[in-house]
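Trainee: I would like the atomic coordinates for the input below:
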Amino acid sequence: MATYVLDGPARLLFLSRDPARVTAQLAGTALAPEQAGPLRDDISTDEITPVPILTHFDEQLGRYPYTGLRAGDALPIGMDAITRAGVNVVVGGKRYGKGSSREHSPMAEKSAGVRLVIAESFERIYRQNADNIGLYTSTDMGLAERLRQGAAITVDEIVADRDALAAAIVRAGGLLAFGQARLGGVEPQPAAEDAAPRTLFEKIILRRLLRTAVTPAAPEPGDGIFIRADWRFIHEYYTGMAAHMLHARFGRPLRLVDRERIVVFEDHTSYVDESPNHVRAGIVPNVLAMCRAQRGFVEAYGLRQHRTLTETEAARDAGGNVAGISHAMMAERYALPGQVVVGTDSHTPHSGALGCVAFGVGTTDMANAFVTGAVRLTVPASLRVELAGVLPPGVTAKDVVLHLLALPEIRSGAGVGKVFEFTGEAVAALSIDERATLTNMTAELGGLTGIVAPDAETARFLRERRGVDAAIEPWMRSDPGAAYAATLRVDCGALSPLVAAPGDPGNGVPLAALLERPRVDIAYGGSCTAGKREDFDHYHEVLAWAVERGLSIPPGVALYLQYGTTAVRDYCVARGYDRTFAAAGARILQPSCGACANCGPGSSIDAGQVTVSAINRNFPGRSGPGSVWLASPPTVMASALAGELTSFAELQARHAP
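Mentor: Numbering: from 1, shown residues only. Presented below is the predicted three-dimensional model:
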């Protein structure tokens, strides 16, 4: 008997770029696809469920979907609007669900009554999350008109072009139901070795393959598989939801697989009492309850936990507390070459700088991995990114990523779901901290992950930073003749400092080409992307130059510097950087995701404010209601000192003797 996607008539909502057309649909006007006008592309999970909403992890999410969605200059969808309008089918444009790995977004849609999301293309994590909770998705744009005409769409039609594993999960009603039925006691069975040339990514996942009745023994790109991870990590915005799911299905207590390989982080909420957006929204009690839920889960199951510190806690700390942003901490303390690391954060690829496979997953994926040990993966194709030449002075890995993000191929979606393998002369010359900027921001490039083959620099980092003598084994590199979907080549010698205009990280432009320089109200240096040791070396270089010349942050500009981990903090204090930062007029913040996730000082508080930031994404509302320009650490510091967007070289020229 056929199973149908909808139980009754379709009530469609086309997410148009025109706010008036969105408002009209919510008021009851039914539009044909051609009447909806151009659809919004690049709808981010920050827009579907803004950060304050993430404190909910149950059916309450259904009140909030799309409350951050921007159409033109408006936010046309208010609280409860989807439920009141009876919308059960939503239609968007390209790269739907980009950005964060937050499963709250499809959960909010489903809880509001949405049964099907149709889009020209989906970001990998969003679509996998939707599969996992039983929210249907399709890239068949013709379905919208068929549904409007009253057609009945079957689940078989929805999964017809999906891989066998995705289809099985969707038919089962979600991943937990599938896992309960199919994944008990599944053990690793590495794929048989053959003479075929492989990428480093392929070699690693084939060594950790789990065999099941619905997954192939010799997977190819596009196949759905399960693998065993060396490390699984989760943070406070996801743990409550994961615990709620697991206890509802399996009861208490749970049996967690390899619990000593699970790491729990509290890395987003240290400064919640100072977060104007949380305080104004009245959700500080919700955030604290969310943290208590995580701590209760940790205590109940004896899990390893790292907590970030407020300034008060840091003042009491004698240096023994090891804390920081989850994915930065994984590279700093846990991940090793050749391993698999999964986490509930889209920037988990950070650890790919060490030559491991690291990627983000949603809450249900992690919950399933907790109780089965199995991590779902659709085998991706790989892009080879050859960074040739030598980076000019003042140009950093962040500038390279902003250049890549602005390429037409990337903006059109060529990187969606793929592995970005970074190679070339410029990569070989980069430190691990700078390589981590490249792999971290494969999330913005749309990729599954980024990876750099381990080498002598990797061994040096592990030995000097972590006291680990890790063997870089001969197999830990891609083979000559390995298959790639495409190759991107960048002449790094031709690059200059870049910035990305507000709205999307792909809005990159060379700073020298920006004739009108926006003023700066807020400058922020920090986050996983830009809170590492070498980032702080850059911050210090610019600010020390300024202090030597009697320069400081001008009135009307607020500068925030936030460490990524306590190890970075201790490094800076030992070198005296903190004294320079204070002399220049910066406020120094303890390790946390902070303003990057709209979770602390450094976020804007009104729409007229302009921020220059070293964070990784600048989607609408991501770091407060103001506009955010993305830039490299040196450019952020120079802009803070100038009060407008400028590079360090330009600032030096202004103050030349």
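
Trainee: buried ones in stretch 471-489?
Mentor: Neighbour-count burial for stretch 471-489, with 16 or more other CB atoms under 10 Å as criterion, is recorded at 472, 476-478, 482-484, 488. For the C-beta atoms, the positions are set from N, CA and C on the backbone; glycine is no exception.

Trainee: pick the one among those closest to residue 324.
Mentor: residue 472 (25.7 Å; CB to CB).

Trainee: and for residue 222, the neighbour number?
Mentor: 13 (other CB atoms under 10 Å).

Trainee: tell me who's in contact with it.
Mentor: Residue 222 is in contact with 163, 378-379, counting by CB atoms under 8 Å, 6 or more residues apart in numbering.

Trainee: can you do 10 Å?
Mentor: Residues in contact with residue 222, defined by CB atoms under 10 Å, 6 or more residues apart in numbering, are 162-163, 166, 378-381, 417.

Trainee: what do you get for residue 257?
Mentor: If a contact means CB under 10 Å, 6+ apart, then residue 257 has 185, 228, 232, 369-374 as its contacts.

Trainee: rewinding a little: now the buried residues of stretch 471-489 in TSV, with secondary structure, pLDDT and distance to residue 212?
Mentor: Below are these laid out as TSV (DSSP: H, G, I helix; E, B strand; the rest coil; pLDDT from 0 to 100; distance: CB to CB, whole Å):
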residue	secondary structure	pLDDT	distance to residue 212
472	coil	93	32
476	coil	97	27
477	coil	97	30
478	coil	98	27
482	coil	97	26
483	coil	96	25
484	coil	97	28
488	strand	97	35
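
Trainee: ok, so of the residues you listed, who is nearest residue 450?
Mentor: Using CB to CB, the buried residues of stretch 471-489 come closest to residue 450 at residue 488, 12.3 Å.

Trainee: the closest one against residue 410, yeah?
Mentor: Yes: taking contacts as CB atoms under 10 Å, residue 488 lies within contact range of residue 410: 8.1 Å.

Trainee: quickly list what's touching both of these two.
Mentor: 383, 404, 420.

Trainee: in CSV: the contacts of residue 257, plus distance to residue 560.
Mentor: Supplementary listing: the contacts of residue 257 in CSV, determined by distance: CB to CB, whole Å:
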residue, distance to residue 560
185, 49
228, 40
232, 32
369, 35
370, 35
371, 40
372, 41
373, 40
374, 41
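
Trainee: neighbour-wise, which one of the residues you listed leads?
Mentor: The residue in those with the most neighbours, by other CB under 10 Å, is residue 369 (28 neighbours).

Trainee: so that residue sits against residue 262, correct?
Mentor: Yes: the criterion here is CB under 10 Å, and residue 369 meets it with residue 262 at 8.8 Å.

Trainee: so what sits against both of those two?
Mentor: In contact with both residue 369 and residue 262: 229, 232, 234, 256, using CB under 10 Å, 6+ apart.

Trainee: highest neighbour count among the residues you listed?
Mentor: Counting by other CB under 10 Å, top hit in these: residue 234 with 29 neighbours.

Trainee: hey, where'd the helices end up in the stretch 301-450 of the chain?
Mentor: Remark: helices assigned in the stretch 301-450 of the chain by DSSP state H, counting those that start in this stretch are 311-316, 326-329, 363-372, 397-406, 408-411, 425-428, 432-440, 442-445.

Trainee: same deal with the stretch 1-150 of the chain?
Mentor: 19-26, 45-48, 81-85, 104-111, 124-133, 142-148.

Trainee: out of these, flag the one nearest residue 553.
Mentor: In terms of CB to CB, the element of those nearest to residue 553 is helix 45-48, at 28.4 Å.

Trainee: helices or strands up against that closest one?
Mentor: Under the contact criterion of 3 or more CB pairs under 10 Å, 6 or more residues apart in numbering; DSSP states H and E, helix 45-48 touches helix 104-111, helix 124-133.

Trainee: can I get these in CSV with mean pLDDT and mean neighbour count?
Mentor: CSV is the format used below for these (pLDDT from 0 to 100; neighbours: other CB atoms under 10 Å):
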stretch, mean pLDDT, mean neighbour count
helix 104-111, 96, 27
helix 124-133, 93, 27
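
Trainee: can I get the ones you listed in TSV with distance to residue 520?
Mentor: Below are the helices and strands packed on helix 45-48 laid out as TSV (distance: least, CB to CB, whole Å):
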stretch	distance to residue 520
helix 104-111	31
helix 124-133	32
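
Trainee: so which of those comes closest to residue 85?
Mentor: Minimum separation from residue 85 across the helices and strands packed on helix 45-48 (CB to CB) falls at helix 104-111, 13.1 Å.

Trainee: let me know the angle separating that closest one from helix 363-372.
Mentor: Here the directions of helix 104-111 and helix 363-372 differ by 100 degrees (axes from the mean of the first three to the mean of the last three CA atoms, to 10 degrees).

Trainee: and helix 104-111, how far from the chain's centre?
Mentor: 18 Å (CA atoms, centre = their mean, to the nearest Å).

Trainee: so which helix or strand of this protein has the lowest pLDDT on average?
Mentor: One helix or strand of the chain scores below all others by mean pLDDT, DSSP states H and E: helix 311-316, with a mean of 61.

Trainee: contacts only, for residue 357.
Mentor: By CB under 10 Å, 6+ apart, the residues touching residue 357 are 200-205, 207-208, 227, 229-230, 335, 338-342, 349, 351, 377, 419, 448-449, 451.

Trainee: pLDDT (mean, whole number) over stretch 409-418?
Mentor: The average of the pLDDT scores along stretch 409-418 is 92.

Trainee: which residues does residue 351 contact?
Mentor: Going by CB under 10 Å, 6+ apart, residue 351 touches 231, 327-332, 334-337, 339-341, 343, 357-359, 436, 439-440, 449-451.

Trainee: poorly predicted segments of the stretch 101-250 of the chain, please.
Mentor: Within the stretch 101-250 of the chain, no range satisfies pLDDT under 70.

Trainee: can you show me the strands along it?
Mentor: 116-118, 136-138, 209-210, 224-227, 231-235 (DSSP state E, counting those that start in this stretch).

Trainee: partners of the first one, with directions?
Mentor: Taking DSSP bridges as the criterion, strand 116-118 forms sheet pairs with strand 89-91 (parallel), strand 136-138 (parallel).

Trainee: deepest in the core, which of these is it.
Mentor: Greatest average neighbour count among these goes to strand 89-91 (a mean of 25), per mean count of other CB atoms under 10 Å.
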